[in-house]
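# kindly return the folded structure for what I paste below:
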Amino acid sequence: MLFDTHMHTRFSTDSDMLLEDALLRARQLGIGITITEHMDLAYPGEPAAFTFDTDQYFAAYNSYRSESVLLGIELGMRCDCLADNCRIAQANSFDYIIGSIHVVDNVDIYCSEFYHQRSKQEAYNLYFDAMIACLREYDFIHSLGHIDYISRYAKYQDTEIYYREFADRIDEVLRLAATRNIALEINTRRLDSKERIDIILPIYRRFAELGGTLVTIGSDAHRESEVGRRLNVGMEIAKHCGLTAVRFVNGSPLEIKA
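Numbers count the residues shown, from 1 in each chain. I've put the predicted structure just below:
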């Protein structure tokens, strides 16, 4: 069974999706799902934004838990939030923990402010430097989320991440993930063209070369129509690069097969 391992429902600040709607869509597609609500502590200007009550989350969703419905979290990684994020991870029975970079230098990289008076090289170097610093400290995450996240929102004519342009930093990210047995997520949100797939493929090939073995595949859905999108593309990337696609159950990886 294919598994969509990254999606957000009403417990995430930026989603209104109901779990029941996600479940219906998953049944229609014949896939499993992992819910991964946003937890970005100390969010700039709005500390309570992108957080949720974990007790309420499990109270609402635990009865749905099964082999095909898993409960996780997407932690916004920041070095200044390490201790609190670690406490959240240890205090809750998440099947799966994604570690993601959303905020750099206390600015959400969704915001144009982050790119103001910075070249693409400067902005992307800061992004990867933050990722490297966090991966050195966050030994309790299961997967590194959407390595190409910055490409969604950067304010440049060409926002793509070309491996050759950032090879040194990307290699360090991949080495850390491989050494710590952290999976690398294949986030399918942007994989809507052959051009984009070809651009990101070298990163996953390099991950395998550096000893990485596991990937997770997630749609990053925020509405039911996005659940399960392009999972087949993610599986093809994993196969092409010799990587094993997995879901995490109680923190342990289990292989996904189409």
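# in three-state terms, label Ala133 for me.
When classified by DSSP: H, G, I helix; E, B strand; the rest coil, Ala133 comes out as helix.
# what about the residue nearest to it when sequence neighbours are not counted, neighbour count?
Spatial nearest neighbour of Ala133, excluding adjacent residues (CB to CB, 6 or more residues apart in numbering): Cys79 at 5.5 Å. Every C-beta, even on glycine, is put in place using the N, C-alpha and C of the backbone. Residues near Cys79, counting by other CB atoms under 10 Å, number 11.
# and the gap between Cys79 and Glu224?
Applying CB to CB, to the nearest Å, the value for Cys79 to Glu224 is 35 Å.
# rewinding a little: the residue nearest to Ala133: what's it in contact with?
Contact partners of Cys79, counting by CB atoms under 8 Å, 6 or more residues apart in numbering, are Ala133, Cys134, Glu137.
# next SSE after the helix or strand hosting Ile33?
Using DSSP states H and E, Ile33 sits within strand 32-39. Once the chain leaves strand 32-39, the next helix or strand it forms, by DSSP H and E, is helix 54-61.
# tell me the SS of Leu184?
Applying three-state DSSP: Leu184 is strand.
# in the sheet, which residues pair with Gly99? Tell me.
Judged by DSSP bridges, the bridge partners of Gly99 are Leu75, Leu144.
# what is the burial count for it?
Gly99 has 24 nearby residues by other CB under 10 Å.
# alpha carbons only: can I get stretch 167-184 in CSV?
Extracted C-alpha coordinates of stretch 167-184, given in CSV (Å, rounded to 0.1, in the frame of the first residue of the first chain):
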residue,chain,number,x,y,z
ALA,A,167,26.9,21.1,-3.5
ASP,A,168,29.1,21.7,-0.4
ARG,A,169,26.2,22.6,1.9
ILE,A,170,23.8,20.0,0.4
ASP,A,171,26.4,17.3,0.9
GLU,A,172,26.8,18.2,4.5
VAL,A,173,23.0,18.1,5.0
LEU,A,174,22.9,14.7,3.3
ARG,A,175,25.9,13.3,5.2
LEU,A,176,24.4,14.3,8.5
ALA,A,177,21.0,12.7,7.6
ALA,A,178,22.7,9.5,6.4
THR,A,179,25.0,9.3,9.4
ARG,A,180,22.1,9.8,11.8
ASN,A,181,19.8,7.3,9.9
ILE,A,182,17.4,10.2,9.2
ALA,A,183,15.2,9.6,6.1
LEU,A,184,15.1,12.3,3.4
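# with adjacent residues omitted, what lies nearest to the residue positioned nearest the centre of the chain?
Centroid-nearest residue in the chain, with CA atoms, centre = their mean: Gly145, separated by 2.3 Å. Spatially, and ignoring its direct neighbours in sequence, Gly145 is nearest to Ser100 (3.6 Å; CB to CB, 6+ apart).
# correct me if wrong: the one you found contacts Gly72.
No. The criterion here is CB atoms under 8 Å, and Ser100 misses it with Gly72 at 12.0 Å.
# show me the strands in the stretch 51-200 of the chain, by range?
Applying DSSP state E, counting those that start in this stretch to the stretch 51-200 of the chain gives strands spanning 69-76, 96-100, 103-104, 107-108, 143-144, 183-187.
# residues making contact with the fifth one?
This means strand 143-144. Applying CB under 8 Å, 6+ apart, the set of residues contacting strand 143-144 is 5, 96-100, 131, 135, 173, 177, 182-185, 214, 216, 248.
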